[in-house]
Structures are given as structure tokens and as C-alpha cells.
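J.: Just to be clear, the model below is a prediction. Sequence and coordinates:
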Amino acid sequence: MAGRDSSGPRISRRTVLKTTAALGVLSCGNWLTACGTGTEAVVEMNDELKYIPETLTIKAGDTVTWRNTGKTRHTVTDDPMKAQNTASARLPEGAQPWDAGYITRGQSWSRRFDVPGQYTYFCVPHELAGMVATIVVEE
């Protein structure tokens, strides 16, 4: 190939893609934190009655998608009027309450977070079993 410097090692496209993917994972750090200007973070809901991760940090404007990976139906609710324990529902000033309704196996639901602050949300039928989690939205 004309103009190609053959003095160095040849790097395949596959190697470049694998390296780029690995660097992307390293630069994001812990998978519990949404990274970059990406915009989407994923929270799983399972049959152990947990949100995974239980704490998530994102940037204002990012979207969180909850996926039900278990057999049990769950909700994603941050509405103090629906909480049995007031500590299960916390909204920053200026944020509106929300409730995804029931999300069954294989379904998902997404919400964009524009108001910075701490959100504590819960699963309506599993709140007292400890299915409560937190999202921190940074500016």
C-alpha cells in the first residue's frame, strides 16, 4: 500500500475496537455510575426484591431505564402519597412525583431526570421488604 509506514507493527481493526471498548469501560469506572454524555443508565429489578444498583449517580438530563429481569412484577415509584414509609420517597425541590405502574418480566420503563438532587424511590408492593433505592442527579 503506497504511503504506508511498514516499520511499526500492524494493528487490526478488531484490536482497535477491542481496545477502545476496554478503555470506555475503564473511563466510566464503576458500572453503577452512568458515564459520559451518554444519557442512559440501567437499573435492574429482580426476584430478590432489589434494584441493582441500589444507588446510582447520573448527570442532569440523563435517562434511567428500569428493566424487570425477574418473574415478579415491580413498580418504580417516587410518590410520597403512595409510600407506607415516608423515608421511601424523597424528591428534590422542584421535582414532580412519578409512578411507572407495574412492570412485568421482560418489560422496561424509562424516565429522564432534569432536576438535580437526591431521589429515593421504591416498589409499591415490595417497599416494606426493603425494595428502595436512590438516584443522585448531579448538575
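T.: Sure, I can see it. Residues are numbered from 1 along each chain as shown.
J.: contacts for stretch 71-82?
T.: With Cβ atoms under 8 Å, 6 or more residues apart in numbering as the contact definition, stretch 71-82 has outside contacts at 45, 47, 49, 66, 68, 83, 86, 89-91, 97-105, 109, 111, 119-126, 131. Every residue, glycine included, has its C-beta placed from N, CA and C.
J.: Stretch 92-111 now?
T.: Where contact means Cβ under 8 Å, 6+ apart, the residues beyond stretch 92-111 that reach it are 40, 45, 63-82, 89, 91, 115-119, 124, 137.
J.: Could you list which of these belong to strands?
T.: Applying DSSP state E to the contacts of stretch 92-111, the entries found in strands are 40, 45, 63-68, 77-78, 117-119, 137.
J.: Let me know the closest of those residues to Thr57.
T.: The shortest approach to Thr57 among those belongs to Val137, at 8.0 Å (Cβ to Cβ).
J.: partner residues bridging the closest one?
T.: Here Val137 sits in beta bridges with Ile58, Gly117, going by DSSP bridges.
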